[in-house]
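> Pasting the sequence and the predicted coordinates here, then a few questions.
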Amino acid sequence: MAKENNGGYKYLFKINSPADLRQLKLSELQDVCSEVREYMVDVITKTGGHFGAGLGVIELTVALHYVYNTPHDKIIFDVGHQGYPHKIITGRRDQLPTIRHKGGLSGFLKPSESEYDVFGAGHASTSISAALGIAAARDMMNKDFRVVAIIGDGAMTGGMSYEAMNNCGVQKRDLTVILNDNNISISENVSALSNYFNKLYATATVQKLRENIWELTGRMEQLGDRIRLAASRIEGSVKAFITPGLLFEALGFNYFGPIHGNNVRQLVNTLNSIKDVHGPVLLHVLTQKGKGYGPAENDSYRLHAIGKIDKTTGKSLKAIQLSPVPSYSQVFGEAMTELCRSNPKVVAITAAMTDGTGLDILERKFPDRVFDVGIAEEHGVTFAAGLAKEGMVPVCAIYSTFLQRAFDQVIHDVSIQKLHVVFALDRSGLVGEDGATHHGILDMAYLRPIPNMILAAPKDEQELRDLLFSAIYHYTNGPVAIRYPRGRAAGVKQSVMKYIPLGKGEIVKEGNERMQPQAFPWNCLWLFWVLCQTKIHCNGHLPISMYSILTHTSKSSKFQIGTHSNTHSTNSQSWQAVNTCSSCGVISMVCVIQLVLFDCRK
């Protein structure tokens, strides 16, 4: 490959948009892919970010932008782990070093960042639903553009994908779904045979022949039905033997594949063949995660997302420090192992996050006690409800941000039935570079109003162990949610797990010093005035004056913050009134502001 200026790249720095890419010859695209891969490896090994998935879809991304007229045609990526090559090609090449940094590029697809990012997503399995909605809007508004959704085989474990595909088959709109499968390998012989049939089925002649046969047999009453059935069985049998496409055909898709997803020429030819096929189309492509970078090819899990690594070896540049302080996820995994060892009814459930939640520790000891349901949080929660119904003690280890997806199941299938399910909410709070889609800051708001739910947060690793023990053995009259942050724990000494009574607070610090006038936070006065004018109206209760609550509780000489319960004040009378209306969801705000004002006014 000939090299020129701009860091030795012949093509890359001439491509500032997909329009520039489309000016190139088909024979030049492989060199473009090589340069995109080299640039991505060079940048991301220095800055960190999602890595393996993007390396695997470079040829697919180049082919899509080469065949489709983006941004007029709409390409919807699922999740965004695979979106880095897309960002490079769509005018953000020079900004790639800023990815997942403050003020820089998002690690996911973000419509406010570029017109080429059609639909934002940080959670999986959304692309087909969004693509169908966009296609429906196109048809209803008499617009003319193509719609393509790219979804990985991991995201296809989510039930939402199949709900969407089922509806695609019902609506029969023109759209293409590309299944990026980086987990299945097939032999060259099967691939060659599959490619032959793909080309055959994609030709306009065969498509027209199918339509004509279907129309003709429709006029032949009972004999026509028999011919249709026989023809469908023959075609289905061939496809089922050659490909795994029978399921997609049953859902109403024209299925093509699998084809090699790292052969850019074959991808371009196939996309050109199928882009005008009417109705929903599914193209199954086989890619290699980490393609073109040896360490990522050999260890796709470790190099799925990286920090700064050595470009040659793939090893971390950060000095490995064996910290004596474990992460909260590690503490959870070890505590679960202890609990499973002593109680055969305890099981763990996770949604494609075995390692991230620390359950890999448990899985190594008790593989039959860990259920990874895939990216299917809704199913995971109701599956846990079924286990609990028969007397098991399921612990659902799900990231805080992902439990949002199972909100209805938590209410309908668990809480209303008062089933004993324990939710371990890893990554609660702010989580860093992944940004808004992954911050676990909403769980308190969406779990507090749920009836029969106990919500707890440990102050250190020993309390995490104690709360887990208490949730399994003592808080057994309904669901329990324990929220804890990402990262290292507090470093306290761990001991035998013990029971923590509900509603019992802990005085962390006592004092009677008053705040100096110059330190008074005057901006709180405006907020205090607003609250004084506010009354909370809740079903079955009289309006409650914020002023009476705040002024009454502020007269106390000292206070305590309950680390194990929802109690935030020593004055039980005033806060009893508030707690009766805690389902309104305002109580969390009141607690925080009351404590601030209490500090200011005492």
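It's in.
> So for the chain, the centremost residue is which one?
Geometric centre of the chain, nearest residue: His123, 2.8 Å, by CA atoms, centre = their mean.
> Unless I misread the structure, it falls within a helix.
No - according to DSSP: H, G, I helix; E, B strand; the rest coil, the state of His123 is coil, so it is not within a helix.
> Give me the below-cutoff pLDDT ranges for the protein.
For the chain, applying pLDDT under 70 flags the ranges 1-5, 183-244, 301, 319-323, 513-602.
> Got phi/psi on Leu286?
Torsion angles at Leu286 (phi, psi; degrees, to the nearest 10) stand at phi -100, psi 120.
> how many neighbours does it have?
For Leu286, the count of nearby residues is 23 (other CB atoms under 10 Å). Every residue, glycine included, has its C-beta placed from N, CA and C.
> ok, it to His81 distance?
18 Å (CB to CB, to the nearest Å).
> Just give me how far stretch 444-464 sits from the chain centre.
Offset of stretch 444-464 from its chain centre (CA atoms, centre = their mean, to the nearest Å): 22 Å.
> which residues touch the closest residue to Tyr399 other than its chain neighbours?
Counting by CB to CB, 6 or more residues apart in numbering, Tyr399 lies nearest to Arg427, which is 4.5 Å off, once chain neighbours are set aside. Counting by CB atoms under 8 Å, 6 or more residues apart in numbering, Arg427 touches Tyr399, Ser400, Thr401, His438, Gly440, Pro485, Arg486.
> one step back: wouldn't the residue nearest to the centre of the chain be in contact with Val79 here?
Yes - between His123 and Val79 a contact is recorded at 7.2 Å, counting by CB atoms under 8 Å.
> picking up where we left off before, how much space is there between the residue nearest to the centre of the chain and Thr350?
According to CB to CB, His123 and Thr350 sit 15 Å apart.
> Please apply the same query to Tyr9.
As for Tyr9, its distance to Thr350 is 42 Å (criterion: CB to CB).
> Likewise for Pro258?
For Pro258, the distance to Thr350 - CB to CB - is 29 Å.
> same question, Ala53
Ala53 is 20 Å from Thr350, by CB to CB.
> Neighbour count for these two, which is higher?
More neighbours surround Thr350 than the other of Ala53 and Thr350, with 29 against 25 (other CB under 10 Å).
> Report how many residues lie close to the closest residue to that one other than its chain neighbours.
Distances taken as CB to CB, 6+ apart place Ala397 nearest to Thr350, at 4.8 Å, with adjacent residues excluded. Per other CB under 10 Å, the neighbour tally for Ala397 reads 27.
> swap in Arg364?
Per other CB under 10 Å, the neighbour tally for Arg364 reads 11.
> Look at it and give its secondary structure.
helix.
> any idea how far the closest residue to Ile306 other than its chain neighbours is from Asp31?
Once flanking residues are discounted, Ile306 sits nearest to Phe51: 4.9 Å by CB to CB, 6+ apart. Distance of Phe51 to Asp31, given as CB to CB: 22 Å.
> Neighbour count for the two, which is higher?
Set side by side, Phe51 and Asp31 show more neighbours around Phe51, with 27 against 17, by other CB under 10 Å.
> how near is the more buried one to Thr157?
Taking CB to CB, one finds Phe51 at 21 Å from Thr157.
> now swap in Phe13 and tell me
Distance of Phe13 to Thr157, given as CB to CB: 39 Å.
> With Val177 instead?
15 Å.
> do Glu377 as well
For Glu377, the distance to Thr157 - CB to CB - is 11 Å.
> These two - which one has more neighbours?
Between Glu377 and Thr157, Glu377 has the larger neighbour count (other CB under 10 Å), namely 29 against 19.
> Surely the more buried one touches Thr401?
No - using CB under 8 Å, Glu377 is not in contact with Thr401; the gap is 10.2 Å.
> Present the contacts of Arg427 as CSV; the columns should include neighbour count, secondary structure and distance to Val43.
CSV is the format used below for the contacts of Arg427 (neighbours: other CB atoms under 10 Å; DSSP: H, G, I helix; E, B strand; the rest coil; distance: CB to CB, whole Å):
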residue, neighbour count, secondary structure, distance to Val43
Tyr399, 24, strand, 27
Ser400, 28, helix, 30
Thr401, 23, helix, 27
His438, 20, coil, 22
Gly440, 23, strand, 29
Pro485, 20, coil, 30
Arg486, 20, coil, 25
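> related to what we said a few turns ago, tell me the spacing between the residue nearest to Tyr399 and Gly152.
As judged by CB to CB, Arg427 and Gly152 stand 21 Å apart.
> And the helices in the stretch 151-300 of the chain?
For the stretch 151-300 of the chain, the helices defined by DSSP state H, counting those that start in this stretch occupy 159-171, 188-202, 204-217, 221-242, 246-250, 264-274, 294-298.
> what about the residue nearest to Ala137 when sequence neighbours are not counted, distance to Thr90?
With sequence-adjacent residues excluded and distances taken as CB to CB, 6+ apart, Ala137 is closest to Lys143, at 7.8 Å. Look at Lys143 and Thr90: by CB to CB, they are 21 Å apart.
> So between these two, which is more surrounded?
Between Lys143 and Thr90, counted using other CB under 10 Å, the more crowded position is Thr90 (24 against 11).
> The more buried one is in contact with Val118, isn't it?
No - using CB under 8 Å, Thr90 makes no contact with Val118, being 11.0 Å away.
> Mind putting the contacts of Arg427 into a markdown table with distance to Glu297?
Output for those, formatted as a markdown table (distance: CB to CB, whole Å):
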| residue | distance to Glu297 |
| --- | --- |
| Tyr399 | 28 |
| Ser400 | 33 |
| Thr401 | 30 |
| His438 | 27 |
| Gly440 | 33 |
| Pro485 | 34 |
| Arg486 | 28 |
